[in-house]
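Participant: give the three-dimensional model of this entry:
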Amino acid sequence: QVQLVESGGGLVQAGGSLRLSCAASGRTIGSYAMAWFRQAPGKEREFVAHINWSGRNTYYTGSVKGRFTISRDNAKNTLYLQMNYLKPEDTAVYYCAADKDYGSGSNRAYDYDYWGQGTQVTVSS
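Facilitator: Numbers count the residues shown, from 1 in each chain. As a prediction, the model looks like this:
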């Protein structure tokens, strides 16, 4: 069993930056694909970015491409999301997720087996 704990959320002005972390415990995630999803109030959970097991391949949803960077440190069992040039529409609870079956990554929430509890990101205009 893998436990995921996100941190790094907070309140930031538009144009600012935040770095989210997702610390894994219980099992090494070095062979797992990882992802970030987010959910805004009244909206469905949406895909943000995923990264393959090695960290060499990444994929982003269009609205964050060029502003967000997903990365991982397998030695630290940790996933990151660097968010720059934040916009009010980025306001949401951000969740990290781990896929134990396939190392390549997916933008489908149902492919992921483990989820964190989420961290709130609020961007003011």
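Participant: the residue nearest to D111 when sequence neighbours are not counted pairs with what?
Facilitator: Leaving aside its sequence neighbours, D111 sits nearest to D99 (CB to CB, 6 or more residues apart in numbering; 5.4 Å). No exception for glycine: its C-beta is placed from N, CA and C like everyone else's. Following DSSP bridges, D99 is listed with bridge partners A33.
Participant: list the residues that contact D99.
Facilitator: If a contact means CB atoms under 8 Å, 6 or more residues apart in numbering, then D99 has Y32, A33, M34, A35, G105, S106, D111, Y112, D113 as its contacts.
Participant: ok, so of these, who is nearest G8?
Facilitator: M34 (15.2 Å; CB to CB).
Participant: for that closest one, which non-adjacent residue is closest in space?
Facilitator: In this structure, M34 finds its nearest non-sequential neighbour in L79, 4.7 Å apart by CB to CB, 6+ apart.
Participant: can you tell me the SS state at that neighbour?
Facilitator: strand (DSSP: H, G, I helix; E, B strand; the rest coil).
Participant: residue contacts, the most centrally placed residue in the chain?
Facilitator: By CA atoms, centre = their mean, the chain has its centre lying nearest to W36, at 2.3 Å. Residues counted as contacts of W36 (CB under 8 Å, 6+ apart) are L20, C22, V48, A49, H50, I70, L79, L81, Y94, Y95, C96, A97.
Participant: take the residues you listed and keep only those in strands.
Facilitator: L20, C22, V48, A49, H50, I70, L79, L81, Y94, Y95, C96, A97 (DSSP state E).
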